[in-house]
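Student: Sequence first, predicted model second:
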Amino acid sequence: ACGLATGAVPSPGAPPEGDPTAWIEAYAGCMGVEAEAVQCSFAELGGALASLGPSIVRVEQGYLAVMSAGRRGLSVLTPALTPARIPLETVRRALTAHLEDRPASHVDKWLAAAQVPPRRAARARDELLAQLVADRPIDGVWLLRPDPGSSFRRLLSRRGVLRRGAIFLAAAASQIALGVFAWWLIGAGALEGDVQPGWLFAWVLLSLSALFVQLFASFTGGMLTIDVAALLKQRLLCGALRLDPAAIRARGSGELLAMVSESEAVETAGLGGALGAIVALVQLASAAAVLAAGAGGGLHVALLLGWTLAVALLGRRFARERAAWTGERFAITSGFVEHVVGHRTRVAQQASHLHHLEEDAALERYHRAARGMDGVGDLLASLPARGWLALGLLGLVPAVLGGVGAGPLVVATGGILQAQAAFATLATSLGALLSAAVSWRSIARLFTAAEGREPAGIPQAVLGRPATSDVVIEARGVSFRYDGERGEPVLRGCELVLSKGDRLLLEGRSGGGKSTLAAVLSGLHAPSSGLVLLRGLDRRTLGGAAWRSRVASAPQFHDNHVLSGTLAFNLLMGRAWPASPEDRREAEVVCRKLGLGPLLDRMPSGLDQVVGETGWQLSHGERSRLFLARALLQRSDAVILDESFGALDPLTARECVGAVLERAPALIVIAHP
Ligand SMILES: Nc1ncnc2c1ncn2[C@@H]1O[C@H](COP(=O)(O)OP(=O)(O)OP(=O)(O)O)[C@@H](O)[C@H]1O
């Protein structure tokens, strides 16, 4: 009903007892819709409800399918799929009734003791109750949003951007029309030598209206920019998260960092430039109409068209220079980041007189590209408006020589000045727009990557079903190549069955493909051919996220990370966050089993100690046990450990192996014993 899902909508049946978040997410996911559980405080609830978009709201009696909301109430769908309206207060009370139950009896006692007169008691009761539970969290609301990777045009139109764009265009055109009309009115009177006070009054009124319309156009343009920028940012962020991990690694962090800065350029320069260019084009069209009616007539219109074409060609040249400059800038940023990462090695190993050779050459190329771009950029900024003024006045010469009257001359001059203003706007906005277009080429990959949504899986499979056999992972004829079709296969015809309770040791020569197999089994790489099943289901059926949550993997040390945050967060990433007290207790037990007890006791904040780059620096062995604990705590069907014991002394390693054997439901260990 809200146009969120376009594909077939499965019939979900009844929601489960207890927390329905996984159920809602699974069904929303398979429709290509994002569902997000949100929470707000009692005090914020009224405002939050009034601004609800499409969402699911759980009340005691069942669920509300909300389409939209406003001050007057929630617009909901009935089970017969017809719209209906419910007052905000009714929903608010339904969501908060359980909070007010207990304090209500106290409040009634206080009111009685204070002998509040009955006519004031009801209001006093409401106010007191609201104060008492103001900070209590309210949940049971799931926002539904279209996937940020779905058709961008549809996203724009859902947000009302297309409608607002049309309003902006109409406002810009009316402002120009009002301006022209005002000057025509006063000009006509002046030329006839008969300016009546009424005409002057009309001129003032028209000019004031033009001013108000301009303010309105600026406001609409600003809102338009904010809306498009927000959608673009969401889309790029989504694209960044959906980039193929192997492709990210192949491109390097420097290039990705450069992409981030380019995205900023697209947002700021591109959107502002586009609006400016639209206004300039409308201005040019109106100037052409004025010029056609003036002394220069057809000649002036032809000159205007020719000059516009010349400006467009200059713009194309600028775009080419800008692209070359952007390429050099990219190369410098990316090279710089790579050099920062390897700085210690370089200082220790490379002769000092060679340290800066590459940077110097790159800077030289950058300098040359910047000079080229600046030259054309200066021309683009100044030539269009000034050149047009000269050309426009030249176009008047035949008419002046032909002895044309003052009226048409004044109209033509007005047209020339209007076109000059349009070219001045066009020059600034075109520069910004073309710069954004060049930046766009670098980030288009992020934009399109958002479309590559992982299979969400079939809800029944994602939500879990009783196991019918003990087989956890099954690989049949699995092959894998890193470079698509071209590369040599790293895995070839791989067969493997891992059942519940199995403990499997994977050995082999270095570079033999053990980590690659682990990545395929844990759902990080899709096999090039062959079949991998988890509890009898393939990855399409189960969905990437559900697969990864059911196969916990601790990759090799250089591929695993301690994230800046608390130790508890790093341990419990595979569970719900914020962590429940039971989860925290279990995390502590696992840590102590892995020999991290003394560390926990030494840390001033225990599980809440901040670790990572900016926090407590864990030793090599402590980090590898944190990775082990993280994998064991994930509540998965299988655990894959890739050389996780290599950094431990023999005694600690034995202790850890014992803990792993005790907790892992099915286990693959890659090691060189
Ligand atoms: N992104 C990649 N592109 C191309 N080849 C790759 C890529 N990543 C790994 N390889 C190659 O794939 C092969 C298998 O690597 P893998 O890391 O799976 O081996 P391994 O058995 O775990 O080795 P080790 O015991 O040394 O850790 C290696 O020859 C490696 O160079």
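Tutor: Cool, the structure landed.
Student: so what's the residue of the stretch 201-350 of the chain found nearest the ligand up against?
Tutor: Residue nearest to the ligand within the stretch 201-350 of the chain: A246 (5.6 Å; Cβ to the nearest ligand atom). Every residue, glycine included, has its C-beta placed from N, CA and C. With contact taken as Cβ atoms under 8 Å, 6 or more residues apart in numbering, A246 is in contact with 482, 525.
Student: name the element it belongs to?
Tutor: Element membership for A246, per DSSP states H and E: helix 245-251.
Student: what's the following helix or strand after that helix?
Tutor: helix 253-265.
Student: quick one: contacts of that next one?
Tutor: In contact with helix 253-265 (Cβ under 8 Å, 6+ apart) are residues 232-233, 236, 240, 248, 326, 329-330, 333-338, 341, 435-436, 439, 442-443, 445-446.
Student: Spatially central residue in the protein, please.
Tutor: Centroid-nearest residue in the chain, with Cα atoms, centre = their mean: Q234, separated by 2.3 Å.
Student: Could you measure from that residue over to A37?
Tutor: 19 Å (Cβ to Cβ, to the nearest Å).
Student: for A280, same thing?
Tutor: Counting by Cβ to Cβ, the gap from A280 to A37 is 47 Å.
Student: V410 too?
Tutor: Taking Cβ to Cβ as the measure, V410 falls 67 Å from A37.
Student: Which one of those two is surrounded by more residues?
Tutor: With neighbours defined as other Cβ atoms under 10 Å, V410 and A37 compare such that V410 has more, 18 against 15.
Student: which residue packs closest to the more buried one, ignoring adjacent ones?
Tutor: The shortest distance from V410 to any non-neighbouring residue, by Cβ to Cβ, 6 or more residues apart in numbering, is to G187 (5.8 Å).
Student: Which pLDDT value belongs to that neighbour?
Tutor: Turning to G187, the model gives it a pLDDT of 79.
Student: Provide the count of other residues in contact range of it.
Tutor: For G187, the neighbour count with other Cβ under 10 Å is 16.
Student: now swap in T82 and tell me
Tutor: For T82, using other Cβ under 10 Å, the count is 9.
Student: interface residues of the stretch 351-500 of the chain facing the ligand?
Tutor: Contact residues (Cβ under 6 Å from any ligand atom) of the stretch 351-500 of the chain with the ligand: 482, 490.
Student: can you rerun that using 8 Å?
Tutor: 482-483, 487, 490 (Cβ under 8 Å from any ligand atom).
Student: Show me which of those are buried.
Tutor: Among these, those classed as buried by 16 or more other Cβ atoms under 10 Å are V490.
Student: just the residues of the stretch 351-500 of the chain next to the ligand now: which is nearest L524?
Tutor: Y482 (12.6 Å; Cβ to Cβ).
Student: Surely the closest one is in contact with V490?
Tutor: Yes - counting by Cβ atoms under 8 Å, Y482 does reach V490; the two are 6.3 Å apart.
Student: The residue of the stretch 551-673 of the chain found nearest the ligand and A519, how far apart?
Tutor: At 6.2 Å from the ligand, Q556 is the closest residue in the stretch 551-673 of the chain, using Cβ to the nearest ligand atom. For Q556, the distance to A519 equals 10 Å [Cβ to Cβ].
Student: more crowded one of those two?
Tutor: Neighbour totals were compared for Q556 and A519, and A519 leads with 20 against 17 (other Cβ under 10 Å).
Student: in what helix or strand does the more buried one lie?
Tutor: Taking DSSP H and E as the criterion, A519 maps to helix 514-521.
Student: Can you name the residues in contact with that helix?
Tutor: Helix 514-521 is contacted by residues 473, 475, 478, 480, 482, 490-491, 494, 496, 506-508, 525-527, 532, 551, 553, 555-556, 559, 638, 640, 642, 668, 670 when judged by Cβ under 8 Å, 6+ apart.
Student: Quick check on V290: phi, psi?
Tutor: phi -60, psi -40 (degrees, to the nearest 10).
Student: residues contacting the nearest residue to it once chain neighbours are set aside?
Tutor: Nearest non-adjacent residue to V290, counting by Cβ to Cβ, 6+ apart: G415, 3.7 Å away. By Cβ under 8 Å, 6+ apart, the contact list for G415 reads 287-288, 290-291, 293-294, 296, 300, 392.
Student: coming back round to it: can you tell me the closest non-neighbouring residue to the residue nearest to the centre of the chain?
Tutor: With Cβ to Cβ, 6+ apart as the criterion, Q234 has its nearest non-adjacent residue at 4.7 Å, and that residue is P148.
Student: The one you found belongs to a helix?
Tutor: No - checked against DSSP: H, G, I helix; E, B strand; the rest coil, P148 lies outside a helix; its state is coil.
Student: and the gap between it and the ligand?
Tutor: Noted for P148: a distance of 28 Å to the ligand, by Cβ to the nearest ligand atom, to the nearest Å.
Student: could you check the distance from that residue over to L354?
Tutor: Separation of P148 from L354 (Cβ to Cβ): 46 Å.
Student: Which of the two has more residues huddled nearby?
Tutor: Taking neighbours as other Cβ under 10 Å, P148 and L354 compare with P148 leading, 22 against 9.
Student: Pretty sure the more buried one sits against R235.
Tutor: Yes - the criterion here is Cβ under 8 Å, and P148 meets it with R235 at 5.2 Å.
Student: which residues do those two both contact?
Tutor: With Cβ under 8 Å, 6+ apart as the test, P148 and R235 both reach 155, 450.
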